[in-house]
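# could you work out the structure for the sequence below:
(2 chains)
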Amino acid sequence: MSPSLIEVLTQPDAFFSKIVTEKESLKIPALIILAGGITAAIYGYLMAGMSAKMMADLMPGMNTIIILSATAGALIMTFIFWLIVAGVFYLISSLFKGKGSFKRVLEVVGYGYLPQIAGSLITIVAAMVYIPKITVPTLTTAALQDPAMVQLVTKAFMHDPAMIQLTQITTLVSIVFLLLSANIWIFGIKYARSLSPRDAAICVGVPIVLYVLYLTYNLGVT
Amino acid sequence: MRINQSLTIICLLLLFGILPGITSAYSTPDSIVAAGKVYVASTTYDPGVFFTGDTGTVTVYVANGNSNQSIVVNHATIGDKNIRLTSSPYDTSANIGPLQTQAFTFSVATDAFDGTYYPTFSLSFRDADNLYYRAVVKVDNTPLELTLVDSPDAFTPGNKKTISLQVANPRTNNVRNVVLQVAGDGINATPTRTFIGDLAAGSKVPVNFTVTPDHPTTILLTLNYDNGDNPHTVTLEIPVVFSTDKKQANPVMSNVQVKTDAGIYHVTGDVNNAGLETANTVMVTSLAPAVPQDPYKTYVVGALKPDDFGSFEVTFTVGAGNTSIPIQLSYKDADGNIYNTVQDVKIISSGLSTSTEANGTSSYILPIAAAVIIVIVFIGGWALYLRRKK
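Numbering: from 1, shown residues only, chains lettered A, B, ... in the order given. Prediction:
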């Protein structure tokens, strides 16, 4: 009998100890990633709406292209992110002579993505609250000919007070839920690659903490 | 003997015959009657009313009322101790034809005080006695009135103000060549001389001029005029003291809103005239460091009456590092003086300005600190967990 998904959040150690006894399966992890991708796509759709508004005057249908590409891009990037994270963990765990297939790593990373769905839902709510408050400048065709003007417009957009607050909130939410996922991934990698808790913590913790520090740095320079 | 007697009788007869003829060449009943029909038709003084010290002329028009007899006059004069004759009297014979009028003009002067005087005109007839006539004339030292009708509540340096005057003639005679002259240290007056011309008795004329003072001073107004040929002057001083005009227009910006569009800032708002005078040609524009851009580099609101308001919109771009932009509001008063007021309007900085960074840094500290704490909690938690597992 498969363990409950709730157990991933509450008792990840026990959850993955049971998972590794079963045959590798990416069905549920892929569904989790898909759910995360859909929430990311919704967030991308909301944010793309502002970019489309900024460039609406450039050419007819431009806003549709922007919104479609942003929405689809967010969905696809979630799956790519899944592969990248799994690949990074797999490579680093290899340094610790980890055993276990890449597919198993993909499986545990997929399960560990579950908290991020909740994080994405929170960012969607934040976006719905803050986006109406953001003043979106419009780029004209003439303005697009001047790189300095484009830079000026983009800066004005990014430095809108509501935009700054939205960025800060979504970044903090992402960090919190990424670390929750990292917590799960450590237990998952421990079983997926047969590592000690210390080695698994290093395999997951180092790249995730570095990424979080990068996000934190971006908060200061945005 | 007889011959002598006869000659004597003849001489006596001739003498008696000639005497009546001689007598009839001087006063005869007819000439006296004819002289009685000679009268002074009118007298004219120029000026009509004298100032003390004035000189002038008096013309006496003598009419011969006889329809068929000329009158010979041989002496005419006028004057008394108050109205002195300054020209020679008429000492030559003149013939005044039937129903004709003869003018006798004299120069006179007076040093008398205010009052009515009666110099006597006398005319001597060759064949009769004299004619006497009292030619009444007035001496009045009432000058022209120069009245300040309207002047600005306050003068300000370099601003043109209009001053309204009234020139009135309270005298009973006309005056000529009325000229108003404006002078003063540190003022620029326009016009400096105003020719009014003749001013009839009891009449008045308005006179306006503008003055632009550089510093507190006194405007000296000099009104020159001629009473006959005698120049007279009236002066008036107007002090120029700089102060705040309590009634002046006072446009105030309100409901100011800032939006950005394609990197161009749009500042919209209302202008209310909180003053008591009309603000003409109200204009709104942005000042450096802002660079005004089309479509509203400068917005002309137009004239605003007291308590009236109008909307405005100005567009501009601004470089990085600016959090507020001076918006200039200018207007003109009724004299065309331009007044400027500047109000800073906060904008959303499009660049990493110093002040924005100062504010931005504080706004970033909290989330960064929160992120760092979260990471520390995560690392610490795992470190503690791993230590316990050992």
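
# what's the lengthiest helix in chain A packed up against?
Ranked by residue count and defined by DSSP state H, the top helix of chain A is helix A:62-95. Packing contacts for helix A:62-95, counted by 3 or more Cβ pairs under 8 Å, 6 or more residues apart in numbering or on different chains; DSSP states H and E, involve helix A:27-54, helix A:102-112, helix A:161-192, helix A:197-221. For every residue, glycine as well, the C-beta is placed using N, CA and C.

# what about 10 Å?
The helices and strands touching helix A:62-95, judged by 3 or more Cβ pairs under 10 Å, 6 or more residues apart in numbering or on different chains; DSSP states H and E, are helix A:27-54, helix A:102-112, helix A:114-130, helix A:161-192, helix A:197-221.

# tell me what angle the shortest one forms with helix A:197-221.
Our comparison of helix A:102-112 with helix A:197-221, counting by axes from the mean of the first three to the mean of the last three Cα atoms, to 10 degrees, yields an angle of 60 degrees.

# repeat for the longest one
Relative orientation of helix A:161-192 with respect to helix A:197-221: 170 degrees, computed using the same axes, to 10 degrees.

# that older thread, residue B:237 is nearest to which of the helices and strands packed on helix A:62-95?
Proximity to residue B:237 (Cβ to Cβ) singles out helix A:161-192 among those, at 61.9 Å.

# what residue ranges in the stretch 1-150 of chain B score low on pLDDT?
Counting by pLDDT under 70, the stretch 1-150 of chain B has low-confidence residues at B:1-27.

# can you pull out the strands in it?
B:38-46, B:49-50, B:55-64, B:71-79, B:83-85, B:94-96, B:101-110, B:115-117, B:120-125, B:130-134, B:137-139, B:145-150 (DSSP state E, counting those that start in this stretch).

# mean neighbour count for the ones you listed - can I get that in CSV?
Formatted as CSV, the strands of the stretch 1-150 of chain B follow (neighbours: other Cβ atoms under 10 Å in any protein chain shown):
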stretch, mean neighbour count
strand B:38-46, 16
strand B:49-50, 26
strand B:55-64, 19
strand B:71-79, 21
strand B:83-85, 19
strand B:94-96, 16
strand B:101-110, 18
strand B:115-117, 13
strand B:120-125, 19
strand B:130-134, 14
strand B:137-139, 20
strand B:145-150, 13
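
# tabulate the ones you listed (CSV), appending distance to chain A.
Shown next, in CSV, are the strands of the stretch 1-150 of chain B (distance: least, Cβ to the nearest Cβ, whole Å):
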stretch, distance to chain A
strand B:38-46, 82
strand B:49-50, 81
strand B:55-64, 84
strand B:71-79, 96
strand B:83-85, 92
strand B:94-96, 101
strand B:101-110, 88
strand B:115-117, 89
strand B:120-125, 97
strand B:130-134, 98
strand B:137-139, 85
strand B:145-150, 52
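
# please convert these to a markdown table, extending it with distance to residue B:278.
A markdown table is the format used below for the strands of the stretch 1-150 of chain B (distance: least, Cβ to Cβ, whole Å):
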| stretch | distance to residue B:278 |
| --- | --- |
| strand B:38-46 | 50 |
| strand B:49-50 | 46 |
| strand B:55-64 | 51 |
| strand B:71-79 | 62 |
| strand B:83-85 | 58 |
| strand B:94-96 | 70 |
| strand B:101-110 | 54 |
| strand B:115-117 | 53 |
| strand B:120-125 | 63 |
| strand B:130-134 | 62 |
| strand B:137-139 | 49 |
| strand B:145-150 | 16 |
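
# out of the ones you listed, nearest to residue B:314?
strand B:145-150 (36.7 Å).

# what lies in contact with the closest one?
B:162-171, B:180, B:204, B:206-208, B:219, B:221-223, B:234-236, B:238 (Cβ atoms under 10 Å, 6 or more residues apart in numbering or on different chains).

# let's see it at 7 Å
B:164-168, B:170, B:221, B:223, B:234, B:236, B:238 (Cβ atoms under 7 Å, 6 or more residues apart in numbering or on different chains).

# how distant is the longest helix of chain A from the center of its chain?
8 Å (Cα atoms, centre = their mean, to the nearest Å).

# the inter-axis angle of that helix versus helix A:27-54?
140 degrees.

# for residue B:247, phi and psi?
Backbone torsions of residue B:247, given as degrees, to the nearest 10, read phi -100, psi 0.

# burial count for it?
Using other Cβ atoms under 10 Å in any protein chain shown, residue B:247 has 12 other residues around it.

# same question for residue B:230.
For residue B:230, using other Cβ under 10 Å, the count is 16.

# hey, what's it bridged with?
Taking DSSP bridges as the rule, residue B:230 bridges to residue B:227.

# so which residues of chain B form helices?
Using DSSP H, helices in chain B cover B:2-24, B:29-36, B:354-389.

# same list (the helices and strands packed on helix A:62-95) but as JSON lines, adding mean pLDDT and distance to chain B.
Shown next, in JSON lines, are the helices and strands packed on helix A:62-95 (pLDDT from 0 to 100; distance: least, Cβ to the nearest Cβ, whole Å):
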{"stretch": "helix A:27-54", "mean pLDDT": "91", "distance to chain B": "9"}
{"stretch": "helix A:102-112", "mean pLDDT": "94", "distance to chain B": "14"}
{"stretch": "helix A:114-130", "mean pLDDT": "93", "distance to chain B": "13"}
{"stretch": "helix A:161-192", "mean pLDDT": "91", "distance to chain B": "4"}
{"stretch": "helix A:197-221", "mean pLDDT": "89", "distance to chain B": "4"}
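
# any idea how far the residue most central in space within chain A lies from residue A:34?
Compute the mean C-alpha point of chain A, and by Cα atoms, centre = their mean the closest residue is residue A:78, 6.4 Å away. Distance of residue A:78 to residue A:34, given as Cβ to Cβ, to the nearest Å: 8 Å.

# one more: residue B:259?
From residue B:259 to residue A:34 the distance is 40 Å (Cβ to Cβ).

# what does residue B:160 give?
79 Å.

# do the same with residue B:200
Using Cβ to Cβ, residue B:200 is found at 106 Å from residue A:34.

# what does residue A:83 give?
Distance from residue A:83 to residue A:34, by Cβ to Cβ: 14 Å.

# neighbour count: these two, which is higher?
Using other Cβ under 10 Å, the more surrounded residue of residue A:83 and residue A:34 is residue A:34, with 16 against 13.

# I figured residue B:135 hits residue B:43, correct?
Yes - between residue B:135 and residue B:43 there is a contact under Cβ atoms under 7 Å: 4.2 Å.

# which neighbours do the two share?
With Cβ under 7 Å, 6+ apart, residue B:135 and residue B:43 have common neighbours B:58, B:60.

# quick one: contacts for the nearest residue to residue B:303 once chain neighbours are set aside?
The shortest distance from residue B:303 to any non-neighbouring residue, by Cβ to Cβ, 6 or more residues apart in numbering or on different chains, is to residue B:280 (4.9 Å). By Cβ under 7 Å, 6+ apart, the residues touching residue B:280 are B:303, B:331-333.
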